[in-house]
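The following block contains a protein sequence and its predicted model.
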There are 4 protein chains.
Amino acid sequence: MECSLLDARGVNVIAVTPFDSKGDLDIDSTGRMVDFYAEKGADSLTILGMMGEAPKLTVKESIQFAKEVITKAGGMPVVVGVSAPGLAAMKELTSATMDSGAAGVMIAPPHSLRTDDQIVSYYQMVGEELGAKVPLVVQDFPLVTGITMSNAVLGRIIDTVSNVVMLKHEDWPGLAKISALRSAEKNGRRRISILTGNGGLFLPEEIMRGADGAMTGFAYPEMMITVYRLMCEGKIEQAQDCFDAYLPYARYEQQPGFGLAARKYVLAKRGAIQSDMIRRPGPKLSVDDVADIERLLARQEKRLKELAL
Amino acid sequence: MECSLLDARGVNVIAVTPFDSKGDLDIDSTGRMVDFYAEKGADSLTILGMMGEAPKLTVKESIQFAKEVITKAGGMPVVVGVSAPGLAAMKELTSATMDSGAAGVMIAPPHSLRTDDQIVSYYQMVGEELGAKVPLVVQDFPLVTGITMSNAVLGRIIDTVSNVVMLKHEDWPGLAKISALRSAEKNGRRRISILTGNGGLFLPEEIMRGADGAMTGFAYPEMMITVYRLMCEGKIEQAQDCFDAYLPYARYEQQPGFGLAARKYVLAKRGAIQSDMIRRPGPKLSVDDVADIERLLARQEKRLKELAL
Amino acid sequence: MECSLLDARGVNVIAVTPFDSKGDLDIDSTGRMVDFYAEKGADSLTILGMMGEAPKLTVKESIQFAKEVITKAGGMPVVVGVSAPGLAAMKELTSATMDSGAAGVMIAPPHSLRTDDQIVSYYQMVGEELGAKVPLVVQDFPLVTGITMSNAVLGRIIDTVSNVVMLKHEDWPGLAKISALRSAEKNGRRRISILTGNGGLFLPEEIMRGADGAMTGFAYPEMMITVYRLMCEGKIEQAQDCFDAYLPYARYEQQPGFGLAARKYVLAKRGAIQSDMIRRPGPKLSVDDVADIERLLARQEKRLKELAL
Amino acid sequence: MECSLLDARGVNVIAVTPFDSKGDLDIDSTGRMVDFYAEKGADSLTILGMMGEAPKLTVKESIQFAKEVITKAGGMPVVVGVSAPGLAAMKELTSATMDSGAAGVMIAPPHSLRTDDQIVSYYQMVGEELGAKVPLVVQDFPLVTGITMSNAVLGRIIDTVSNVVMLKHEDWPGLAKISALRSAEKNGRRRISILTGNGGLFLPEEIMRGADGAMTGFAYPEMMITVYRLMCEGKIEQAQDCFDAYLPYARYEQQPGFGLAARKYVLAKRGAIQSDMIRRPGPKLSVDDVADIERLLARQEKRLKELAL
């Protein structure tokens, strides 16, 4: 299988899904949002992830939104989240979006899985159902899925599911897992791309352990892109300076569930989307939350100036 | 809201979803299956429940199957399971099936809910989204959903969500919950129908506590119907004799997850469906399992003859 | 390691812990209870299991109770549940009770374990800490522990932890697991004893799959013993007749959590213990519950007479 | 009840439990560790919390360690974690440590609780069992306990359990909870102390919402103390500067489970304890982990100098 994702490096930004103030899909904002991510330096995009409110869309809406993003993205690769309670729905969304030019699909394990064998079997079954031509990104995000994938499980998936080209690494703690995966590749396992999540909160350490970059949705994608590029150039201290400047707000945006409201607020403020609307059920910012965010962003701006970043 | 479900009594059979040997929806078997349930005495049906493999169908398939069942059911009320990860998908399926003549919809709480307030808010939100005209059945099945609804939570839902007309009671242990709900009604809370699940495994005791009947999917619906009718006539010992005769196999079919394979095997054997096919991921019967089932059914038949039932 | 548990067959009764009406350990009742179990035909006992309210005892009480049971049991083997949040406490209780003559210890996996490797490592660590001379029973009870042990995990534990002499099998559904374990033994894995739990609710099928008997706590241990013996003699139908006669009440006693109140009520009624007291937090029988039980027991007695059992 | 904890403000440091290189309790290090925390400005201490490896100690060890800390702490209040699977063990440890001069006990909810009513009942039962004279700290840490306590639940506990004098706030996200609790107090609910956890990772925002300080175990307690004091003086920007300087490492130490190994490594490096030994099962630092920590600490030191802190 030819697949650009297998060699993916840099920053894949997890896009939000823009809604208008009534909660309808804001297709008009979509192009603007894609441009925003591209201007900030995104190497690729992922849509319909957890922070993309994927479960809140109908299948029709999902397909419509995916087509719009892929079109507007020009040649930039777009990964589509297709996690679904059943394989039939997963296959339907996969076919529609791959036909529209998606670069691959991302799938998280369903929360009902219990044992190593069940997790491996699940990805094997998914691989068979979707067919060998569909590049597959495994999302490893125990905090939300409730499923912990050991190094052994990931190894068995990589060994037996040829579709798998990338790990969206989002375990926490997760640094040892990157080391273990890279070490296994030195001992002969085929190499896949590892892009890391968690809002970029451990990006410098993750790159040092062998991650190929980030795949996450921080409202300031330029932080991740700058950190990644500086680290590639060996400028570790500068990379960490940049990271540290954004960290106080990044930490705030990384609050589970709540974080999406902060992220959409900032993205709307930055002009990436028209409205910070979140479909129900979802978090809402209080006056105090907004005050926190504005205070942190003011400090962030000041610190970036001090550092001339 | 006028709603026959509010006064529902007797046995609502949770139907399986028939697939052909390739795993495609077996629409041809659907009428036969509906007839089977009707002939055995079902008062109403529920489709697209957990044991109806609902999550394994696409939305299109769900709507197609629901329409077929509703048509074939003639006037018999049909409840449709519409649990979904998001409200938009839930609303889409609800609208399509209510338009086709469904009697109401059944909704289980998503596994992500944590507190009493979150559970109550969820049903309030669902009630608002679906609109007051859609009769709502609350499915209370902690073993599978992971969500325990206290008596207080159920009370708050009944008090504040006018759509709610029925509880599919499937807590385990759950007898005290029936007593508590009925007791609250004596103290002024509006009355809703309580139909019980768990494969009918506690049906005699549940009826004695005040349940209005059963809403579950045992392969021998006639057991539940006979037990219900005998108990209504005050023939407790006879009802229990009937129950006991089916219990050894009922216990076997009630094994979580696995039970669906047994149920479909027996339904196919009884001619209710053409194939016992289950979509992946799903259980399969081994040679030993089949031997167990056949042995239990032979004994069941013998015991029923002894009892002249 | 010489160990009678490795070849254990028959019925190991999980004993309750008797308290007096104030909630204090009822040491006086202990001998009577041991005699009751022995008279009913128990081959061995297990104390301080989950249904023995083990977590509600102090270490001192646990050791005192264990010593009393072991003394009163004469030569009958006694397994002691020593599951604990930490290894130091587990070791303390193990040493004290092994020194007093326990036949071995039973350990359930802590609910914090996530992956296959974590489960296997846990038992390896336990094996090392307790030392190779302590016979170990692995308790596999996912409904309560939240930990699912695959066949592969059990195999790895058996292969690498020499202490392990017995599986307390309590998975549900669990029949295929017994078949898989016995099949692996045919292919060379060392044989361990498999005794089954779940209140004996699948005992006939479990023995047919290769279980060596039961290890559980039904209030009528004579049912399990009779079933086991008849099946050993090849009298399957008679065994199942006996089983079926007790099944309606066995099903009732098997309600999770609640069941202990039913069991202690019946054991007190049968004279095995003085009081049906349960330490807080614990279930209590309502008037309706007692009526259910009495009705079921009256029918059970009648049915046993019909069967001349 | 007179209780200093009710008015507690400032920083209560959650102490580790020092072990020697063999894994034995390092009583000799205890005084040194207490002095370290006192010198850094701790207002009070908590021992035998989750990060104090409490479940890995025997009851004897727990009591011995608690006595040593209380003695060495002089007049500084010491809270003792007494969470236990059962009330008898909890009561045993509570009595022994209160008799030795503990200021109160901290209790987390057991993971088996499901509904609001169950959580409230649990604390009511605990309050009754321990007696009204024992000041009680409620630990609200859903990430580890799996129990989410709503504002309503906390309110009911505060209203009905007079022992409760403090909330160890460790929900995440948790800022809105502080606002809600403080708001309820304005409307008449009795005031309790709220100290926050999570390694201090949201300390500035938490204090702004009304928290009285921190109760957590960061290896640099002086950060929390400085932040608290500066904020009390209204020097928000300076407080945040201090916080930001420590944040890159604080984030690293806050990795669940793993963090204890980092914390003990740094505490040993700073001379607070002799050995960074962790009892099994527990995390171990790799060479890469140590390199990460050393790099972060070097940058932290540099940044503190820049800020003249």
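Right, received. Where do you want to start?

next one: phi and psi at the spatially closest residue to residue A:121 that is not a sequence neighbour?
Once flanking residues are discounted, residue A:121 sits nearest to residue B:281: 7.4 Å by C-beta to C-beta, 6 or more residues apart in numbering or on different chains. In this view, the C-beta of every residue, glycine as well, is placed from N, C-alpha and C. Main-chain torsions, residue B:281, degrees, to the nearest 10: phi -80, psi 140.

tell me the contacts of residue B:281?
A:87, A:121-122, A:125 (C-beta atoms under 8 Å, 6 or more residues apart in numbering or on different chains).

same deal with residue A:290?
Going by C-beta under 8 Å, 6+ apart, residue A:290 touches residue A:265.

So for it, what's the pLDDT?
Per-residue pLDDT puts residue A:290 at 98.

what does the stretch 51-200 of chain A have sitting close to chain B?
A:53, A:55-59, A:61, A:85-89, A:92, A:111, A:121-122, A:125, A:129 (C-beta under 8 Å from any C-beta of the partner chain).

returning to that earlier point: can you give me the separation between the residue nearest to residue A:121 and residue B:260?
11 Å (C-beta to C-beta, to the nearest Å).

and what of residue A:309?
For residue A:309 relative to residue B:260 (C-beta to C-beta), the value is 58 Å.

more crowded one of the two?
Taking other C-beta atoms under 10 Å in any protein chain shown, residue A:309 and residue B:260 do not tie; residue B:260 has more neighbours (21 against 15).

Now do the strands in chain A.
In chain A, the strands defined using DSSP state E lie at A:10-14, A:44-47, A:78-81, A:104-107, A:136-140, A:164-169, A:193-196, A:213-216.

which of these sits most buried?
Stretch with highest mean neighbour count among the strands of chain A: strand A:213-216 (a mean of 29; mean count of other C-beta atoms under 10 Å in any protein chain shown).

Show me what that strand is packed up against.
Strand A:213-216 sits against strand A:10-14, strand A:193-196, helix A:203-209, helix A:221-232, with contacts defined as 3 or more C-beta pairs under 8 Å, 6 or more residues apart in numbering or on different chains; DSSP states H and E.

run the last query once more with 7 Å
Under the contact definition 3 or more C-beta pairs under 7 Å, 6 or more residues apart in numbering or on different chains; DSSP states H and E, strand A:213-216 sits against strand A:10-14, strand A:193-196, helix A:221-232.

Tell me which of these sits nearest to residue B:9.
With C-beta to C-beta as the measure, strand A:10-14 is the member of the helices and strands packed on strand A:213-216 nearest residue B:9 (50.8 Å).

Return the residues in contact with the residue most central in space within chain A.
With distances taken as C-alpha atoms, centre = their mean, residue A:216 lies nearest the centre of chain A, 3.4 Å away. Residue A:216 is in contact with A:14, A:196-200, counting by C-beta atoms under 7 Å, 6 or more residues apart in numbering or on different chains.

Over to the spatially closest residue to it that is not a sequence neighbour: give its phi and psi.
Nearest in space to residue A:216, with sequence neighbours left out and distances taken as C-beta to C-beta, 6+ apart, is residue A:197 at 4.3 Å. Phi and psi for residue A:197, reported as degrees, to the nearest 10, are phi -110, psi -130.

Quick one: low-confidence residue ranges for the stretch 1-150 of chain A.
A:1-3 (pLDDT under 70).

Could you tell me which residues of chain A lie near chain C?
Contact residues (C-beta under 7 Å from any C-beta of the partner chain) of chain A with chain C: A:114-117, A:148, A:150, A:152-153.

from the residues you listed, which ones fall inside helices?
Within the residues of chain A next to chain C, residues falling in helices by DSSP state H are A:116-117, A:152-153.

Residue A:100 and residue A:67 touch, don't they?
Yes - proximity of residue A:100 to residue A:67 meets the contact threshold set by C-beta atoms under 7 Å, at 4.7 Å.

got a list of what residue A:199 touches?
Remark: with contacts taken as C-beta under 7 Å, 6+ apart, residue A:199 is in contact with A:216, A:218, A:250, A:253-254.

what separates it from chain D, distance-wise?
11 Å (C-beta to the nearest C-beta, to the nearest Å).

Ok, residue A:200 next?
Counting by C-beta to the nearest C-beta, the gap from residue A:200 to chain D is 11 Å.

and that residue, how many neighbours does it have?
If you count neighbours by other C-beta under 10 Å, residue A:200 ends up with 27.

Distance of the closest residue to residue A:107 other than its chain neighbours relative to residue A:126?
Spatial nearest neighbour of residue A:107, excluding adjacent residues (C-beta to C-beta, 6+ apart): residue A:83 at 5.3 Å. Distance of residue A:83 to residue A:126, given as C-beta to C-beta: 10 Å.

got it, and residue A:46?
Residue A:46 sits at a distance of 17 Å from residue A:126 (criterion: C-beta to C-beta).

Would you mark the buried spots in the helix with the most length in chain A?
For chain A, the longest helix by residue count, based on DSSP H, is helix A:287-306. For helix A:287-306, a neighbour-count test (16 or more other C-beta atoms under 10 Å in any protein chain shown) marks A:289, A:292-293, A:295-297, A:299-300, A:303-304 as buried.

quick one, that helix and helix A:221-232 angle?
Calculated by axes from the mean of the first three to the mean of the last three C-alpha atoms, to 10 degrees, helix A:287-306 forms an angle of 40 degrees with helix A:221-232.

hey, C-alpha coordinates of helix A:287-306 in CSV?
C-alpha atoms of helix A:287-306 as CSV (Å, rounded to 0.1, in the frame of the first residue of the first chain):
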residue,chain,number,x,y,z
VAL,A,287,-17.5,34.5,33.1
ASP,A,288,-14.7,33.2,35.4
ASP,A,289,-13.4,30.8,32.7
VAL,A,290,-13.2,33.6,30.1
ALA,A,291,-11.4,35.7,32.6
ASP,A,292,-8.9,32.9,33.2
ILE,A,293,-8.3,32.4,29.5
GLU,A,294,-7.9,36.1,28.7
ARG,A,295,-5.5,36.5,31.6
LEU,A,296,-3.4,33.5,30.4
LEU,A,297,-3.4,34.7,26.8
ALA,A,298,-2.3,38.2,27.7
ARG,A,299,0.6,36.7,29.7
GLN,A,300,1.4,34.3,26.8
GLU,A,301,1.6,37.2,24.3
LYS,A,302,3.9,39.1,26.6
ARG,A,303,6.2,36.2,27.1
LEU,A,304,6.3,35.5,23.4
LYS,A,305,7.4,39.1,22.9
GLU,A,306,10.1,38.7,25.5
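
Great, nothing more from me.
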